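Asks: pasting a predicted model and its sequence here:
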Amino acid sequence: MKNLLSITDLDRDDLETMLSLSEDFLHVTERDIPKVPALQGKVVVSLFYEDSTRTRISFETAAKRLSCDVMSFSVGSSSVNKGEGLRDTVQTIAAMGVDAVVVRHSAAGAPNRVASWIDASIINAGDGSHEHPTQALLDLLTLRRKRGSDLSGLRVAIVGDIVHSRVARSLVLGLDAVGAHTTLVAPPTLLPDSLEGWPVDVTHDLDSLLPELDVLYLLRIQRERQSASRLPSLREYTARWGLTVERASRLKPDTLVMHPGPMNRGVEIAAEVAEGPASLIKEQVTNGVAVRMAVLYTLLGSGGTVA
Amino acid sequence: MADASGAAQHHDELAAPEGGRFSFRAKVFEADDLRRAHTRIAHEIVERNHGAADLVLIGLYTRGVAVAHRIAEAINDFEHVDVPVGAMDVAFYRDDIALRPVQPLGPTEVPVDVSERTVVLVDDVLFTGRTVRAALDALTALGRPRAVQLAVLVDRGHRELPIRADYVGKNLPTKVAEDVRVRLVETDGDGDSIELWGPA
Amino acid sequence: MIDATGERDADVLIADGRVVEVGPGLRGDSELDAAGCVIAPGLVDLHVHLREPGNEDAETIDTGARAAALGGFTAIVAMPNTEPPHDDPTVVASVLAAGAVSLCDVHAAGCITEGRAGAALAPMGELYALGSRIFTDDGACVAEAGVMRRALEYATSLPGAVIAQHAEDPSLADGGHMHEGEWSSRLGITGRPADAENVIVARDCMLAELTGGRVHFLHVSTAGAVELVRSAKARGLAVTAEAAPHHFTLTDAECASFDPVFKVHPPLRSAKDVAAIKIGLADGTIDAIATDHAPHAVETKERPFEEAPPGMLGLETALALTITELVEPGVLSLPEALALLSWRPAAIAGLADHGGPIAPGSAANLCVIDLNVTWRVDPLRLASKSRNTPYVGRTLKGRARHTILRGVPVVVDGQACR
């Protein structure tokens, strides 16, 4: 495997291998010296055309714990010619001799474009509303750590702004690959225009689903959705689809609550619930580093150029 | 090869890791030889270290872990000391990661702090020495042992690094292309044995 | 030889830019071999973006016209979305002047509204006086029903003028980059729904009925729009429509590569829409094949899909795509295909000198088509200044061998004379 552009680059076996490798790296990250020389001499560039400090730091930490050399290239959202010169930029970076480029971009498919221009391994760190494969992997790892390696039959609801969510697009496919059962819950205006080919059920009614869920996965609701006439108001969203304390009380005692962050406390999730015992939000962050180590190790540690 | 030879044929002719056919050459150790070898190694370890205190045995995946446990049991039999046994995976420390996919074989678990102890690394076969080198690196991430020693069941030669075993079950001259196959009850199911195989 | 009057075996004798004689066994001072080929009236493209003035990096009138001649076209209609746009007689005059010395007749469509902003009417009468017959804000839809109504009404005072609509309701399509459907949902790219096109086509058919004006729908791309045009024609309305080759050859599934060479407005649609376009071409609902040739400089397509400008090249592949995708599989007969590429669009644009018939006295605007040659699309070998063809590497059948503009061979054996 050369690139990770979509979660579909991993078949079911690859996914299992990647998750168990992630668990190995999780052990590494728990040691006093959480660093191994595995990818010594490899050069990893993080190329972020969209601000995301947490994802960038997670990738860079992962690379450093594998003893890679890390270069950081962030293009602020204020940068004038957004997108323009993308090819020039990446070819310049490639000419410096890099082994992997971690790409974050506000436009869907930007990592695919980059992969078509240069030889380095490309890792998609989130592209527009398209995909965020390492987020899906870390979510699966988080579930695996709680529920064991067999996730088949797990009942998962993904709630919120599905149409704009790269997290949902990757996670839906990842959950399907491990045999979990996913229901999308959202206002009709925040669902994709077509769900043909999506391995999911759909409902607008969160309340009827609450008692049977194993996992409740909440997505961030962005304020600008209101102005785009997707939502009447955030208050109305919270009333109908938010995980309030009252709704949380109707979940099974062992239902797990997840969120990819950053959270809008009080909108899609009540602060008390986010901090509560069911919440896996902190584990998700820890697991992110291990998953990204596994991805880098897999892409750069097998058959790539010899350092 | 004729189909008529059946299961026996299958056992004698296995595909080599690099392709081609391998066939059986010689039985190096029977189960009893193996038992004697690790019993002797256990004695040598205790003798060299003036007892079994402050020792820790760390087996290298996959079969080194089983061998380490056997040596610890043997020490317990005559010395009545429970020597801690750990398991180590060296995948992330190998120097050939970019050459082929190197997947971890199991979790690294060492039950005690290795600092100020004498660590005996245990593996089944010593060949190029690269696994042991990786293990020495992996060990430094765990702490600073007072000393590190190496025990192996078979030393088959062809070292590529300046590494030497402190305790050896058997020195076995081999050709590079040959393969030393160790089978242990714990890892391989059927009875213990060590066999020499070579290109057919 | 094929023209609107039928098929026959004949030679054509040309002198002083006109056809002198048509018949067997003719000889001339200089001769072009057309053995095994089809002689047809020169092709007419109602929909070309020449980028001059304003964006000469991508194309100029000269390079665009040359590409057109190589594609078998003797007349093209330049769309008005230049910078500045064709909403001013001086701009149109300069486009016509540059076109007059190019390898193809260049006609200039005029804007419907000033600055293509969809509000105040452009000086349609002045542009008409310069020869403009097609008025359009192409690239932008005339979204306001009231503005469209007045434009249609006003154009009825200009004989032969037609209002050409880029039918995509911006309130439904804006912010979208590809067809809205299964693929856009999966790729996470905001879609431009088919109904953005359909609602405008439906509305403008009603306005054509209200005003008695002529409306032409540019690059029809949806099954719904084809059906609406079909029923408007059945009601006797003065409605015509064109379709672009990419809308009968490519689907939205191409966008899965994220290569912006497949980005175009209106977008590549579903397979169902592609099938409906083919039926519309075959049953006469759609009047013309028009390329929507939209050159973009290489660097502007080296962006992510959502950030790249829409549009693809068409002039040099339209004839071959029509032959390969429509004539060869039996969707259209060759005369039907040539009607869509030549005399029917010539009639829409009011181009008396183009589209035949090939008869003594008519202007000698001809193309000679080799139906049997196969060739591979190589962007580096296209005459256009730009490279954004979505057909890279495709093997196509059929190509213009000679193109004759007012009696002058501008393309001979596939080579432009300059």
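Replies: Sure, I can see it.
Asks: grab the nearest non-local neighbour of residue C:162.
Replies: Once flanking residues are discounted, residue C:162 sits nearest to residue C:214: 4.4 Å by C-beta to C-beta, 6 or more residues apart in numbering or on different chains. Every residue, glycine included, has its C-beta placed from N, CA and C.
Asks: wouldn't that neighbour be in contact with residue C:163 here?
Replies: Yes: using C-beta atoms under 8 Å, residue C:214 is in contact with residue C:163, at 6.6 Å.
Asks: counting neighbours, go ahead and name the busier of those two.
Replies: residue C:163 (26 against 22; other C-beta atoms under 10 Å in any protein chain shown).
Asks: please name the residues that touch the more buried one.
Replies: C:112, C:135-136, C:148, C:151-152, C:155, C:213-216 (C-beta atoms under 8 Å, 6 or more residues apart in numbering or on different chains).
Asks: again, only this time at 6 Å
Replies: C:135, C:151-152, C:155, C:215 (C-beta atoms under 6 Å, 6 or more residues apart in numbering or on different chains).
Asks: which element is it on?
Replies: Using DSSP states H and E, residue C:163 falls within strand C:162-165.
Asks: next SSE downstream of that strand?
Replies: helix C:170-173.
Asks: so which elements touch that next one?
Replies: For helix C:170-173, not one helix or strand is in contact under the criterion 3 or more C-beta pairs under 6 Å, 6 or more residues apart in numbering or on different chains; DSSP states H and E.
Asks: export it to CSV, keeping only CA atoms.
Replies: Written as CSV, here are the backbone C-alpha positions of helix C:170-173 (Å, rounded to 0.1, in the frame of the first residue of the first chain):
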residue,chain,number,x,y,z
PRO,C,170,-28.2,29.7,-9.2
SER,C,171,-30.1,29.4,-5.9
LEU,C,172,-30.1,25.6,-6.4
ALA,C,173,-26.7,25.2,-8.2
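Asks: need the residues that contact that helix.
Replies: Contacts for helix C:170-173 (C-beta under 6 Å, 6+ apart): C:141, C:143, C:192-193, C:196.
Asks: list the contacts of the helix or strand following that helix.
Replies: Remark: after helix C:170-173, the chain's next helix or strand is strand C:178-179, criterion DSSP H and E. Residues outside strand C:178-179 that contact it (C-beta under 6 Å, 6+ apart) are C:184, C:189, C:252, C:255, C:267, C:269.
Asks: what is the helix or strand just after strand C:178-179 packed up against?
Replies: Where DSSP H and E defines the elements, the next helix or strand beyond strand C:178-179 is helix C:182-187. Using 3+ C-beta pairs under 6 Å, 6+ apart as the contact test, no helix or strand touches helix C:182-187.
Asks: how about helix C:182-187: buried residues?
Replies: Residues of helix C:182-187 classed as buried by neighbour count (16 or more other C-beta atoms under 10 Å in any protein chain shown): C:182-187.
Asks: now the helices for chain C?
Replies: Taking DSSP state H as the test, the helices found in chain C are C:61-70, C:89-100, C:124-129, C:145-155, C:170-173, C:182-187, C:194-211, C:223-234, C:245-249, C:271-282, C:298-301, C:318-322, C:334-338, C:344-349.
Asks: pipe those into JSON lines and attach distance to residue B:33 and mean pLDDT per row.
Replies: Formatted as JSON lines, the helices of chain C follow (distance: least, C-beta to C-beta, whole Å; pLDDT from 0 to 100):
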{"stretch": "helix C:61-70", "distance to residue B:33": "84", "mean pLDDT": "98"}
{"stretch": "helix C:89-100", "distance to residue B:33": "96", "mean pLDDT": "97"}
{"stretch": "helix C:124-129", "distance to residue B:33": "102", "mean pLDDT": "98"}
{"stretch": "helix C:145-155", "distance to residue B:33": "96", "mean pLDDT": "98"}
{"stretch": "helix C:170-173", "distance to residue B:33": "81", "mean pLDDT": "97"}
{"stretch": "helix C:182-187", "distance to residue B:33": "62", "mean pLDDT": "97"}
{"stretch": "helix C:194-211", "distance to residue B:33": "79", "mean pLDDT": "98"}
{"stretch": "helix C:223-234", "distance to residue B:33": "81", "mean pLDDT": "98"}
{"stretch": "helix C:245-249", "distance to residue B:33": "75", "mean pLDDT": "98"}
{"stretch": "helix C:271-282", "distance to residue B:33": "71", "mean pLDDT": "98"}
{"stretch": "helix C:298-301", "distance to residue B:33": "72", "mean pLDDT": "91"}
{"stretch": "helix C:318-322", "distance to residue B:33": "78", "mean pLDDT": "98"}
{"stretch": "helix C:334-338", "distance to residue B:33": "86", "mean pLDDT": "98"}
{"stretch": "helix C:344-349", "distance to residue B:33": "93", "mean pLDDT": "98"}
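Asks: can you say which of those helices is packed in most?
Replies: helix C:61-70 (a mean of 28; mean count of other C-beta atoms under 10 Å in any protein chain shown).
Asks: what angle separates that helix from helix C:89-100?
Replies: 50 degrees (axes from the mean of the first three to the mean of the last three C-alpha atoms, to 10 degrees).
Asks: report all helices and strands that helix C:61-70 contacts.
Replies: strand C:408-412, strand C:415-416.
Asks: what sits against residue A:21?
Replies: residue A:294.
Asks: partners of the strand holding residue C:163 in the sheet?
Replies: strand C:134-136 (parallel), strand C:215-217 (parallel) (DSSP bridges).
Asks: ok now it, how far from the chain's centre?
Replies: Mean-position distance between strand C:162-165 and its chain equals 13 Å (C-alpha atoms, centre = their mean, to the nearest Å).
Asks: average pLDDT for that strand?
Replies: The average pLDDT within strand C:162-165 is 98.
Asks: ok, now stretch A:36-49?
Replies: 93.
Asks: buried residues, that stretch. List them.
Replies: A:36-39, A:42-49.
Asks: can you name the two of these that are farthest apart?
Replies: A:37 and A:49 (31.1 Å; C-beta to C-beta).
Asks: now do whichever residue of the stretch 251-400 of chain C sits closest to chain A against residue C:183, distance only.
Replies: Going by C-beta to the nearest C-beta, chain A is nearest to residue C:258 of the stretch 251-400 of chain C, at 2.7 Å. Residue C:258 sits 11 Å away from residue C:183, going by C-beta to C-beta, to the nearest Å.
Asks: residues in the stretch 201-350 of chain C within reach of chain A, list them.
Replies: Within the stretch 201-350 of chain C, the positions lying close to chain A (C-beta under 6 Å from any C-beta of the partner chain) are C:258, C:302-307.
Asks: run the last query once more with 8 Å
Replies: C:257-259, C:299, C:302-307 (C-beta under 8 Å from any C-beta of the partner chain).
Asks: between those, which is nearest residue B:46?
Replies: Distances from residue B:46 to those, taken by C-beta to C-beta, are shortest for residue C:258, at 65.8 Å.
Asks: the closest one contacts residue A:112, correct?
Replies: Yes: if you go by C-beta under 8 Å, residue C:258 and residue A:112 touch, sitting 4.4 Å apart.
Asks: let me see the contact set for residue C:315.
Replies: By C-beta under 8 Å, 6+ apart, the neighbours of residue C:315 are C:45, C:48, C:64, C:67-68, C:70-71, C:73, C:76, C:291, C:293, C:384.
Asks: now do residue C:257
Replies: residue A:112 are the contacts of residue C:257 under C-beta under 8 Å, 6+ apart.
Asks: so it versus residue A:14, what's the distance?
Replies: 22 Å.
Asks: again with residue C:147
Replies: Counting by C-beta to C-beta - residue C:147 and residue A:14 are separated by 56 Å.
Asks: and if you look at residue C:249?
Replies: Distance from residue C:249 to residue A:14, by C-beta to C-beta: 35 Å.
Asks: can you check residue B:111 too?
Replies: 33 Å.
Asks: one more: residue C:387?
Replies: Taken as C-beta to C-beta, the span from residue C:387 to residue A:14 is 36 Å.
Asks: cool, residue B:151 as well?
Replies: In terms of C-beta to C-beta, residue B:151 sits 37 Å off from residue A:14.
Asks: so for those two, which sits in the more crowded spot?
Replies: Neighbour count, other C-beta under 10 Å: between residue B:151 and residue A:14, residue B:151 has more, with 25 against 13.
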